[in-house]
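>>> just to be clear, the model below is a prediction. Sequence and coordinates:
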Amino acid sequence: MTDQAEASGGNRPAAKTRTADLVVSLLILALAVLFAWDSNRTGNEWASDGPEAGYFPFYLSVLMGAAALFGIGRVLLTKIHEGEVFVTRGQLYRVMQVFIPAVIFCIATQYLGIYVASFILTAGFMYWIGSIAAWKSVLTALIFSFAMFYIFEIAFNVIMPKGPLEAFFGY
Amino acid sequence: MEAFNLLLHGFEVLLTFDKLLLMMLGLVLGVFVGVLPGLGGPNGVAILLPLTFTMDPTSAIVMLSCIYWGALFGGAITSILFNIPGEAWSVATTFDGYPMAQRGQAAEALTAAFTSSFFGSFVAVMLITFLAPRVADFALRFGPPEFFAVYLLTFCSFVGLGKEERHKIVISMALGLLLTAIGMDTVSGQLRLTFGFNELLRGVNFLVAVIGLFGISEILLTMEESLSLRGHAAALNPRVILQVWKSVPRYWMTLLRSSAIGCWLGVTPGGAIAASFMGYNLAKRFDKDPDSYGKGRIEGVFAPETAAHAAGTSALLPMLALGIPGSGTAAILLGGMMVWGLNPGPLIFVEQKDFVWGLIASMYLGNIVGLFLVLATVPIFAAVLRVPFAAIAPMILVSCAIGAYAIQNAMFDVWMMLGFGIIGYVFKKLNYPLAPLTLALVLGNRAEDSFRLSMISSEGDLSVFFSNGLVGSITGLALLMLFWPLISAVFDKLRKKPAASAA
């Protein structure tokens, strides 16, 4: 969307597929160990009336851990995905352009309510990241937020997090 | 004949002003969702699900299933005009649809796509009308062991028939099953895998996970590609439509073959994506002139579209009759049924007649109305694609957040949705399949419950899963599916040996 990322080496790899595959497998293995440990604590025995509460999670963790180990071994022992790029810098930059605003939007929702936060997100995203004219961005965001408010709050009675602005108008 | 009377009753339920209005609304929203990049059948239905929370179940399912039909129709528009499949199941439509558009035959290609979509779903709905009540009736004899065997069959066929790397399928499925185990254990009441976090007591909600896995991750992927859209103009005039319709009987073989493939793959968890490719490939193989495919043959549009729609529709058969979804979207509809307080399974045909037959009637009506609706509004929806993604992305994001929050009124779920968005993004990039994860999330608890209930009744004896012919053959079939890759490898070797010695 902006040329800044392309200028600073947009096609240079930020991560290789082999690394990403390995990291994900390791994370899954760690998760499997954690789940297996907790299920063991809950009880993974076969009682007289069938499995205990931790039985299924325990063996599923073992299965998942084994599959993750297989994945790790395959990356380390073979040349699979050799030279493939998982994500380039330019791509990562663009993904962050939408992910970081999404995180800010969630934080804003907690304090300002979802409708105000959605106005800020839509207008801000269109203006700064999409380089769309300010009046178009603000107008689109206003219409969108009002439409959402009308649909959920008034037409369908679905309750959403609201903030000081809605409280001021008595909602 | 009884099915026919019940169907008429379904139409009675359906033909009220507000239900028809919801149907139209659903179809328009669905086409919209199908056309937009970064949205699709499953996420569209998941995101719009909160709208239905305050409706009665019948209105809710009518609207949601119409969103689904709309999305199925919408996927074809982008494939043909922009060479961008709006849905994975319309990839095969681009092979011949886009070349046709390049030659200035966009109108013919679109008419062919919509007509074959209609034909495919119509065949599948007929199948549902007459077969689903019987299957449900049969399944009424099922006890916990039989249900567990059916769940096992579903899981095993994913592992055995999946096209992705096996260990990734296993990880995806195990992760889904483990995530459903979080929270209160339904049989013993013990807390599992909550690690002392109060927020985890409720467990991981299936719909929150789906919105993140499909909706958020798709936005991230679309941003990454930074695609720019350049499409062909399309206006449909009645003359072209009639011309294509007149030619339809000539392609009866292609249509029937694709419908059969679609129905079969939809009922088994093969899905619309596999069906569309298979429909296309078989049409090509049986044609006298296979080399002309890929250059703009109208059969190349008929075949995949018919199969995809037949599969997408018939995926609802096992969902209705057994409570087992045949596709991702069917899984979400099933999740919706639980939210509306219905208990999916064979009993639904006995206890919720209005719901079931209203849904089936809406499949007929929705497809007919949908056909004319898309034919009339293609130019409008094609224009939607020219709206910059920078304006669409934040709106999809907000809709996702609203959807995730509304399910349990919890802000924690919105954060969880973002987390699942990252998981979905990474999984898709590393070729981890998402379908087994989705299926495990929706079926996990029910599979475990049925297993443990069988164990309680059999006093911990595993042989209950082979105790009678019915449960034994389902379990056997499940094991066959699981080891299918091994078995077929052995067969291949045996077949190659004599061939090699002969040569």
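Ah, there it is.
>>> how many residues are close by residue 108?
Went with chain A since none was named. By other C-beta atoms under 10 Å in any protein chain shown, 19 other residues sit near residue A:108. For glycine as for every other residue, the C-beta is placed from the backbone atoms N, C-alpha and C.
>>> oops, chain B please
Residues within reach of residue B:108, counting by other C-beta under 10 Å, total 23.
>>> for it, what are phi and psi?
Dihedral pair for residue B:108: phi -60, psi -50, per degrees, to the nearest 10.
>>> can I assume it is in contact with residue B:240?
Yes - between residue B:108 and residue B:240 there is a contact under C-beta atoms under 8 Å: 6.0 Å.
>>> packing partners of the helix or strand where residue B:452 lies?
Per DSSP states H and E: residue B:452 is located in helix B:435-458. Judged by 3 or more C-beta pairs under 8 Å, 6 or more residues apart in numbering or on different chains; DSSP states H and E, helix B:435-458 is in contact with strand A:50-51, helix B:144-161, helix B:166-181, helix B:206-210, helix B:328-339.
>>> where do the strands of chain A begin and end?
With DSSP state E as the criterion, chain A has strands at A:13-16, A:46-47, A:50-51, A:85-88.
>>> chain B is nearest to which of those strands?
Evaluated with C-beta to the nearest C-beta, the strands of chain A place strand A:50-51 nearest to chain B, the distance being 2.7 Å.
>>> quick one: strands adjacent to the closest one?
Partners of strand A:50-51 in the sheet, by DSSP bridges, are strand A:46-47 (antiparallel).
>>> what mean pLDDT does the partner strand have?
The average pLDDT within strand A:46-47 is 78.
>>> for that strand, what is the distance to the chain centroid?
The chain centre lies 38 Å from the centre of strand A:46-47; the measure is C-alpha atoms, centre = their mean, to the nearest Å.
>>> same question, stretch B:463-478
Counting by C-alpha atoms, centre = their mean, stretch B:463-478 is centred 28 Å from the centre of its parent chain.
>>> picking up where we left off before, would you mind putting the strands of chain A into JSON lines with mean neighbour count and distance to residue B:291 alongside?
Formatted as JSON lines, the strands of chain A follow (neighbours: other C-beta atoms under 10 Å in any protein chain shown; distance: least, C-beta to C-beta, whole Å):
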{"stretch": "strand A:13-16", "mean neighbour count": "16", "distance to residue B:291": "39"}
{"stretch": "strand A:46-47", "mean neighbour count": "12", "distance to residue B:291": "61"}
{"stretch": "strand A:50-51", "mean neighbour count": "20", "distance to residue B:291": "58"}
{"stretch": "strand A:85-88", "mean neighbour count": "18", "distance to residue B:291": "35"}
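>>> so for residue B:406, which of those sits nearest?
For residue B:406, the closest of the strands of chain A is strand A:85-88, at 32.3 Å, according to C-beta to C-beta.
>>> excluding its backbone neighbours, what's nearest residue B:149?
Leaving aside its sequence neighbours, residue B:149 sits nearest to residue B:474 (C-beta to C-beta, 6 or more residues apart in numbering or on different chains; 3.9 Å).
>>> and for residue B:243?
Nearest residue to residue B:243 in three dimensions, chain neighbours excluded: residue B:108, at 7.6 Å (C-beta to C-beta, 6+ apart).
>>> check what pLDDT the one you found gets.
Residue B:108 is assigned 87 on the pLDDT scale.
>>> check the one 3 residues further on too.
On pLDDT, residue B:111 comes in at 89.
>>> what about the nearest residue to residue B:268 once chain neighbours are set aside, neighbour count?
Nearest residue to residue B:268, sequence neighbours excluded (C-beta to C-beta, 6+ apart): residue B:157, at 6.7 Å. For residue B:157, the neighbour count with other C-beta under 10 Å is 19.
>>> I'd say residue B:157 and residue B:481 touch.
Yes - under the criterion of C-beta under 8 Å, residue B:157 makes contact with residue B:481 at 4.2 Å.
>>> quick check: longest helix of chain A.
When chain A is scanned for its longest helix (criterion: DSSP state H), the result is helix A:17-42.
>>> now do the buried residues in that one.
Neighbour counts using 16 or more other C-beta atoms under 10 Å in any protein chain shown place A:17-18, A:20-22, A:24-25, A:28-29, A:31-32, A:35-36, A:38-39, A:42 of helix A:17-42 among the buried residues.
>>> pLDDT on stretch B:434-441, on average?
Mean pLDDT, computed over stretch B:434-441, is 82.
>>> show me how far it is from its chain's centre.
Relative to its chain's centre, stretch B:434-441 lies at 12 Å (C-alpha atoms, centre = their mean).
>>> please export the C-alpha coordinates of that stretch as CSV.
The C-alpha trace of stretch B:434-441 is given here as CSV (Å, rounded to 0.1, in the frame of the first residue of the first chain):
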residue,chain,number,x,y,z
LEU,B,434,-8.0,-25.8,8.9
ALA,B,435,-11.0,-28.1,8.1
PRO,B,436,-10.0,-30.9,10.6
LEU,B,437,-9.5,-28.2,13.3
THR,B,438,-13.0,-26.7,12.7
LEU,B,439,-14.6,-30.1,12.7
ALA,B,440,-12.8,-31.2,15.8
LEU,B,441,-13.9,-28.0,17.5
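>>> what's that stretch in contact with?
Residues outside stretch B:434-441 that contact it (C-beta atoms under 8 Å, 6 or more residues apart in numbering or on different chains): B:42, B:154-155, B:158-159, B:162, B:169, B:172-177, B:179-180, B:204, B:206, B:209-210, B:213-214, B:269, B:271, B:325, B:328, B:331, B:424, B:427-428.
>>> mind listing what's buried in that stretch?
B:434, B:435, B:436, B:437, B:438, B:439, B:440, B:441.
>>> which one of those residues is nearest to chain A?
Nearest to chain A among the buried residues of stretch B:434-441: residue B:440, at 9.5 Å, using C-beta to the nearest C-beta.
>>> got the contact list for the nearest residue to residue A:126 once chain neighbours are set aside?
Among residues not flanking residue A:126 along the chain, residue A:137 sits closest, at 3.8 Å (C-beta to C-beta, 6+ apart). When contacts are counted by C-beta under 8 Å, 6+ apart, residue A:137 touches A:122, A:123, A:124, A:126, A:127, A:130.
>>> then residue B:57?
Counting by C-beta under 8 Å, 6+ apart, residue B:57 makes contact with B:337, B:340, B:341, B:342, B:352, B:355.
>>> the last one against residue B:61, yeah?
Spelled out, it's residue B:355. Yes - using C-beta under 8 Å, residue B:355 makes contact with residue B:61 at a distance of 6.6 Å.
>>> tally of neighbours for the closest residue to residue A:97 other than its chain neighbours?
Counting by C-beta to C-beta, 6+ apart, the nearest residue to residue A:97 once its immediate chain neighbours are dropped is residue A:129, at 5.3 Å. By other C-beta under 10 Å, 19 other residues sit near residue A:129.
>>> check residue A:129 and give its pLDDT.
Per-residue pLDDT puts residue A:129 at 89.
>>> doesn't residue A:101 make contact with it?
Yes - counting by C-beta under 8 Å, residue A:129 touches residue A:101, with 7.5 Å between them.
>>> coming back round to it: would you list the strands of chain A in JSON lines and tack on distance to residue B:221?
Formatted as JSON lines, the strands of chain A follow (distance: least, C-beta to C-beta, whole Å):
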{"stretch": "strand A:13-16", "distance to residue B:221": "15"}
{"stretch": "strand A:46-47", "distance to residue B:221": "44"}
{"stretch": "strand A:50-51", "distance to residue B:221": "39"}
{"stretch": "strand A:85-88", "distance to residue B:221": "11"}
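>>> how near is the residue positioned nearest the centre of chain A to chain B?
Centroid check for chain A by C-alpha atoms, centre = their mean gives residue A:99 as the closest residue, at 7.6 Å. Note on residue A:99: its distance to chain B, by C-beta to the nearest C-beta, to the nearest Å, is 6 Å.
>>> report the contact partners of that residue.
Applying C-beta under 8 Å, 6+ apart to residue A:99 gives the contacts B:220, B:422.
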